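S.K.: Sequence below, structure please.
(chains A and B)
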Number of protein chains: 2
Amino acid sequence: MDIEDTLLMMPGPVPVASRALRAMSKPMINHRGADFSAMYDDCCEILAEVFQTQNDIFVLSGSGTAAMEAAIGCTVSSDDVVVTLENGKFGERFKDIAARYGKANPLEIEWGHSFDLAEVEKKLEEGAKAITLVHNETSVGIQNPAEQIGKLAKKHDALFILDGVTTLGGSLVETDKWGVDIAVVGSQKCLAAPPGLSMLSVSKRAFEAMDDKGNLPYYLDLKAYKKSGDKSQTPYTPAVPLFFGLQEALHIVKEEGMPSRINRHATGAAAIRAAADELGLELFPQLHDDNSSYSNTVTAMKAPEDVSGNDIKKDMMARGITIAGGQSHLSGKIFRIGSMGNFQPKDLLLTIQELEIVLKNRGVISEIGKGVEAANNVLDRLF
Amino acid sequence: MDIEDTLLMMPGPVPVASRALRAMSKPMINHRGADFSAMYDDCCEILAEVFQTQNDIFVLSGSGTAAMEAAIGCTVSSDDVVVTLENGKFGERFKDIAARYGKANPLEIEWGHSFDLAEVEKKLEEGAKAITLVHNETSVGIQNPAEQIGKLAKKHDALFILDGVTTLGGSLVETDKWGVDIAVVGSQKCLAAPPGLSMLSVSKRAFEAMDDKGNLPYYLDLKAYKKSGDKSQTPYTPAVPLFFGLQEALHIVKEEGMPSRINRHATGAAAIRAAADELGLELFPQLHDDNSSYSNTVTAMKAPEDVSGNDIKKDMMARGITIAGGQSHLSGKIFRIGSMGNFQPKDLLLTIQELEIVLKNRGVISEIGKGVEAANNVLDRLF
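M.R.: From the prediction side, this is the model:
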């Protein structure tokens, strides 16, 4: 099977629309010229709607991790404490980055479990310059309570840094209303743009927290981005072809409209959960209250007894569908299906159908069709 | 005029070959899969030939500036001294980066002048963990003496960090022979790949200088790149479409062969210099000895009396050819023509022809044709 015939149903990268792919083939332009600036402004304008923010928006030529580092590296100094909330792999990454620039005070709970807000507040009471939250913990399929944690951050005067890498563009994120000082998104997730860019919004308060003498990171110095951004430019050479692709992908987002897009994502994930329930697959997240929820963009399921999640992934791959296994200590124990970007109901139904066949071949279920039916009952809402 | 009809003759970005542009339109692939790894290895193998090195090669999803920062940020701690050699804008950038991570001890001379090796050695005698050199100072069109400074670095036990952003892939760079510990290149220059990637080679000695506890930069942590690189992967999401383009661009480099490519670049720049001489345009660099030379990839000329270099740039732009003006305090005083990447003699001759028309229209010269003739006499060597 040719790799180009594979359907990507993992939590990023996701399939990029043909028109966005074609846009990347345009001849190179001078990134200091007016055409680049117009494209930059167009992207930032649509992103402001996606982020629901009046804050400055910047596009970094680097992955979501680069933007996470920019957020912390520019606002946190060596004596500053950062409360990092960790219930999965990306929460852990924030802790690691925070520890390089300042002092991390992590709240580490079992991966996949929901946070207890009282415990979060206890951490903040110990004093913190900033608090980080991964809105959608992709590694375990849980959506964390961003709005509530934004309120706690405000109450305790801590900067609120939100990793919206796998929610922005697919799930509701109200950057300004929730008091998010820096919100971060990756290009190759819900926005369905090519991988390699990350975008972030930066509040006035976050800028005020930055060092007068210039921040420590250089390539990721948000003050340099601000200075250039005010002239509709980037401080260093941008990845021009990726901007061509991003602009087209953002136009697709705008044409669909964010409310429809959010509804499609919520419905898609609900359909996968309905199929999982029907097939006897247990969801991995453990929700202890209503503040957290299952992810709207990636569904993590426990591997059935005696079957490795990696084998399910491998079987699916052989059938032309790429899903994800578990990361770190969850390898083999779970598998994950992404439903982010421009997916259509038929993509999800094909994925469920193939999953049923894989499970039947492995002796987990005895007949196929019920999962598809359950998913379709949910997806019907979209038609 | 449509922007896509513009000929880029600036010192990057340069035109990208159609086959490399088309490659970027391929559907997205999983960057943790075998196909990405094969592409990554293929790129690194060709780059090792370009760099003439046995050292590890890494590809960063970020511009040349990101790679410059990775080189310094990973090897230099706050108490370490870095001798930064500055005779142009990019030398200044190394000084700025060094000052963020350690103590910069700059040797600043007038932009465009060549370094005195005795002065360089005096700086090293004051003690240094590392020394940085911009091989080709794009901002002023001078090629600095990398081999000789490599010898001084070795003698004084300093790490040798070389910005080969606008030489690697176009001019001779012998990474191992010259004792370069970290050599850096950008994708969008002599290699004629799309902008947004940077590549660097890292010596064993450079790795030994890195902090055991993990380097300060996170996204640019070369130890993380080493760990992932050994598995033919990148630590964070790579800019996959740019890799598609890079691979194709590197195949073009391989097909031409580095010796032919270096000869074509040297001849191209010599042709521009011959035309400049014929047209009475003074070259900007001031060479005080034979260790330095005019750049083989970008030619910087003083603006004629009573004409701003920016006006020449503007006039050329209106005629469909993008050249560069001067940066920082050189704005208006010089203009620069790039001859890097896959340019052909006809591209250079068209550029000289249009430059002649612009100069005639501005009353600088009285007849056209002599510059083209002089350039063609040099370019004839390529046929």
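S.K.: Every contact and neighbour count from this point should use C-alpha atoms.
M.R.: Noted.
S.K.: Which strands border the host helix or strand of A:L133, and is each parallel or antiparallel?
M.R.: For A:L133, the enclosing helix or strand under DSSP states H and E is strand A:130-134. Taking DSSP bridges as the criterion, strand A:130-134 pairs within the sheet with strand A:81-86 (parallel), strand A:159-163 (parallel).
S.K.: need these in JSON lines with distance to B:L107, mean pLDDT and mean neighbour count, can you?
M.R.: Formatted as JSON lines, the strands paired with strand A:130-134 follow (distance: least, Cα to Cα, whole Å; pLDDT from 0 to 100; neighbours: other Cα atoms under 10 Å in any protein chain shown):
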{"stretch": "strand A:81-86", "distance to B:L107": "38", "mean pLDDT": "98", "mean neighbour count": "27"}
{"stretch": "strand A:159-163", "distance to B:L107": "40", "mean pLDDT": "98", "mean neighbour count": "28"}
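S.K.: Which parts of chain A are helices?
M.R.: Secondary structure of chain A (DSSP state H): helices located at A:18-23, A:34-51, A:64-75, A:89-101, A:117-125, A:146-155, A:204-208, A:222-229, A:240-256, A:258-278, A:309-318, A:345-361, A:370-379.
S.K.: right, so those: which one is the most enclosed?
M.R.: With neighbours defined as mean count of other Cα atoms under 10 Å in any protein chain shown, those peak in mean count at helix A:64-75, which reaches a mean of 27.
S.K.: What residues does the stretch 151-300 of chain A have near chain B?
M.R.: For the stretch 151-300 of chain A, the residues in contact with chain B (Cα under 8 Å from any Cα of the partner chain) are A:194-197, A:216-219, A:236-242.
S.K.: how about 6 Å then?
M.R.: Applying the criterion Cα under 6 Å from any Cα of the partner chain, the portion of the stretch 151-300 of chain A that neighbours chain B consists of A:195-196, A:216, A:219, A:237-239.
S.K.: Who wins on neighbours among the residues you listed?
M.R.: Most neighbours among those, by other Cα atoms under 10 Å in any protein chain shown: A:P195, with 30 neighbours.
S.K.: Could you tell me how far that residue is located from A:V253?
M.R.: Counting by Cα to Cα, to the nearest Å, the gap from A:P195 to A:V253 is 16 Å.
S.K.: List the contacts of the residue most central in space within chain A.
M.R.: Residue closest to the mean C-alpha point of chain A, counted by Cα atoms, centre = their mean, is A:T166 at 1.5 Å. With contacts taken as Cα atoms under 6 Å, 6 or more residues apart in numbering or on different chains, A:T166 has the following neighbours: A:136, A:189.
S.K.: Read off the pLDDT value for it.
M.R.: What the model reports for A:T166 is a pLDDT of 97.
S.K.: For it, give its distance to B:L47.
M.R.: A:T166 sits 34 Å away from B:L47, going by Cα to Cα.
S.K.: do stretch A:102-112 and chain B meet at all?
M.R.: No. Using Cα under 6 Å from any Cα, we find that stretch A:102-112 stays clear of chain B, coming within 10.9 Å at best.
S.K.: From one end of that stretch to the other, what's the distance?
M.R.: The first and last residues of stretch A:102-112 sit 26 Å apart, counting by Cα to Cα.
S.K.: Show me what it is in contact with.
M.R.: A:76-88, A:95, A:98, A:140, A:285.
S.K.: starting at the chain centroid, how far to it?
M.R.: Using Cα atoms, centre = their mean, to the nearest Å, the mean C-alpha position of stretch A:102-112 is found 19 Å from that of the whole chain.
S.K.: swap in stretch A:300-312?
M.R.: Going by Cα atoms, centre = their mean, where stretch A:300-312 is centred and where its chain is centred differ by 23 Å.
S.K.: Check the separation of the first and last residues in that stretch.
M.R.: Using Cα to Cα, the end-to-end distance of stretch A:300-312 comes to 13 Å.
S.K.: List the contacts of that stretch.
M.R.: Residues external to stretch A:300-312 that are found in contact with it (Cα under 6 Å, 6+ apart): A:140-141, A:282-284, A:325, A:332-336.
S.K.: List just the nearest of the residues you listed to B:S114.
M.R.: Nearest to B:S114 among these: A:G325, at 56.3 Å, using Cα to Cα.
S.K.: Can you tell me how far that closest one is from A:A318?
M.R.: Shown here: A:G325 relative to A:A318, a distance of 14 Å by Cα to Cα.
S.K.: Tell me which residue in the stretch 201-350 of chain A sits closest to chain B.
M.R.: Of all residues in the stretch 201-350 of chain A, A:A239 sits closest to chain B, with a separation of 3.8 Å (Cα to the nearest Cα).
S.K.: Kindly apply the preceding question to the stretch 51-200 of chain A instead.
M.R.: With distances taken as Cα to the nearest Cα, the stretch 51-200 of chain A approaches chain B most closely at A:G196, which sits 3.8 Å away.
S.K.: Verify the stated contact: that residue with B:P241.
M.R.: No. Using Cα atoms under 6 Å, A:G196 is not in contact with B:P241; the gap is 8.4 Å.
S.K.: could I get the contacts of stretch A:300-312 as CSV with distance to B:N105 and pLDDT?
M.R.: Converted to CSV, those look like this (distance: Cα to Cα, whole Å; pLDDT from 0 to 100):
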residue, distance to B:N105, pLDDT
A:V140, 48, 98
A:G141, 50, 98
A:E282, 61, 98
A:L283, 58, 98
A:F284, 55, 98
A:G325, 50, 97
A:G332, 52, 97
A:K333, 53, 98
A:I334, 53, 98
A:F335, 53, 98
A:R336, 52, 98
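S.K.: Just send those back as TSV, with neighbour count too.
M.R.: Supplementary listing: these in TSV, determined by neighbours: other Cα atoms under 10 Å in any protein chain shown:
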residue	neighbour count
A:V140	30
A:G141	27
A:E282	16
A:L283	21
A:F284	22
A:G325	26
A:G332	19
A:K333	19
A:I334	27
A:F335	29
A:R336	26
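S.K.: from the residues you listed, which ones fall inside strands?
M.R.: Among the contacts of stretch A:300-312, the residues falling in strands (DSSP state E) are A:334-336.
S.K.: which residues does A:E86 contact?
M.R.: Neighbouring residues of A:E86 by Cα under 6 Å, 6+ apart: A:92, A:108.
S.K.: again, 7 Å this time
M.R.: A:E86 makes contact with A:92, A:107-109 under the criterion Cα atoms under 7 Å, 6 or more residues apart in numbering or on different chains.
S.K.: Now restrict those residues to buried residues only.
M.R.: Buried members of the contacts of A:E86, scored by 16 or more other Cα atoms under 10 Å in any protein chain shown, are A:92, A:107.
S.K.: Please list the members of the contacts of A:E86 that lie in strands.
M.R.: With DSSP E as the criterion, strands contain A:107-108 from among the contacts of A:E86.
S.K.: ok, so of the contacts of A:E86, who is nearest A:K177?
M.R.: Each of those was scored against A:K177 by Cα to Cα, and A:L107 proved nearest at 24.6 Å.
S.K.: Kindly state the beta-bridge partners for that closest one.
M.R.: For A:L107, the beta-bridge partners under DSSP bridges are A:L85.
S.K.: likewise A:I57?
M.R.: According to DSSP bridges, the residues that bridge with A:I57 are A:S201.
S.K.: number of nearby residues for it?
M.R.: Burial measure for A:I57: 25 neighbouring residues, criterion other Cα under 10 Å.
S.K.: Excluding covalently adjacent residues, which one is nearest to A:K204?
M.R.: For A:K204, ignoring the flanking residues on the chain, the nearest one in space by Cα to Cα, 6 or more residues apart in numbering or on different chains is A:N55 at 7.3 Å.
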